[in-house]
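Student: coords below, sequence missing:
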Ligand SMILES: Nc1ncnc2c1ncn2[C@@H]1O[C@H](COP(=O)(O)OP(=O)(O)OP(=O)(O)O)[C@@H](O)[C@H]1O
Ligand SMILES: [Mg+2]
């Protein structure tokens, strides 16, 4: 098992404010002191649950969950670029959990078995948790969903294991799979103003001048996809 150490990031702007943030070395991929440039979406990736723009309900629910964590499965559903995967990493970080990422398109019966075996046998700190993150769960095959059924209920659960699946919608997901997950909606509806204010902070932190692009328009054009907005802002900054 990887040794768990805590690294301190240099001061980084997170959720609009400067702060120093301890990160588990395996957890959040945000590493502000990398020698090579990062995309703005990486550099400004929120670290703590409270750091996200909007998502009030998700933040409330997950903060409460962190106070009394328990094994089980979550499904984070919502449009692209609103923070589903990043929230899973933040949750793992706050729980100081051992993170296992199942790459998208690799969530098959074999990978599920291997991951569960690891959760059974990897030594953990007493009271510690495993967080298994499976992105793009809506692309899972039926066989994978069926393989998960017994792992997600009381038939054959791995100890101290929290599964987090992310998906853009639930159409392709089996009812029996869905009924084993706590479903949390991630919505960025009505957040254009907040996103524009956030982009303005980033714009100035990145040396943008007074001629900022129309950030409200940018948020609306991207349908409040924060990742898209940061990508667009990056191009605008390069054009200065
Ligand atoms: N609510 C948010 N607050 C602050 N930053 C955000 C938020 N949502 C997304 N971001 C930014 O967008 C980036 C991408 O977010 P993330 O990958 O978590 O989105 P996602 O919902 O998982 O998208 P997808 O469905 O495409 O996988 C993050 O690294 C972060 O910089
Ligand atoms: Mg994602």
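Tutor: Done, it's in. Note that the structure is a prediction, hence the values are computed from the model and not measured. Ligands and ions are numbered 1, 2, ... in the order given.

Student: What residues does the protein have near ligand 1?
Tutor: By the rule Cβ under 6 Å from any ligand atom, the part of the chain lying against ligand 1 is 41, 44-46, 52-55, 80-86, 166, 168, 226-227, 230. Backbone N, C-alpha and C define where each C-beta goes, glycine included.

Student: In ChimeraX, how would I select the buried members of those?
Tutor: Of the residues of the chain next to ligand 1, the buried ones go into a single ChimeraX selection, burial set by 16 or more other Cβ atoms under 10 Å:
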select :41,44,45,46,52,53,54,55,81,82,83,84,85,86,166,168,226,227,230
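
Student: Filter the residues of the chain next to ligand 1 down to just the ones in strands.
Tutor: Of the positions in those, residue 166 sit in strands, assigned by DSSP state E.

Student: Return the residues in contact with the closest residue to ligand 2 within the chain.
Tutor: Closest residue of the chain to ligand 2, Cβ to the ion: residue 85 (3.2 Å). Listed by Cβ atoms under 8 Å, 6 or more residues apart in numbering, the contact partners of residue 85 are 133, 135, 166.

Student: now do 6 Å
Tutor: Listed by Cβ atoms under 6 Å, 6 or more residues apart in numbering, the contact set of residue 85 reads 135, 166.

Student: same thing with residue 220?
Tutor: Contacts here follow Cβ under 6 Å, 6+ apart; on that basis residue 220 touches residue 192.

Student: quick check, it in a helix?
Tutor: Yes. The assignment for residue 220 is a helix, going by DSSP: H, G, I helix; E, B strand; the rest coil.

Student: Just the pLDDT for it.
Tutor: If you check residue 220, the pLDDT there is 96.

Student: ok, it to residue 191 distance?
Tutor: Remark: distance between residue 220 and residue 191 (Cβ to Cβ, to the nearest Å) = 10 Å.

Student: For residue 120, which non-adjacent residue is spatially closest?
Tutor: Nearest residue to residue 120, sequence neighbours excluded (Cβ to Cβ, 6 or more residues apart in numbering): residue 158, at 5.5 Å.

Student: What's the local residue count around that neighbour?
Tutor: Neighbour count of residue 158, defined by other Cβ atoms under 10 Å: 20.

Student: mind listing what's buried in the helix or strand that contains residue 195?
Tutor: Using DSSP states H and E, the element containing residue 195 is helix 192-205. By 16+ other Cβ under 10 Å, the buried positions in helix 192-205 come out as 192, 194-196, 198-200, 202-203.

Student: Pull the contacting residues for the residue nearest to residue 120.
Tutor: 116, 119-120.

Student: Am I right that it falls within a strand?
Tutor: No. In this structure, residue 158 is coil, not part of a strand, as judged by three-state DSSP.
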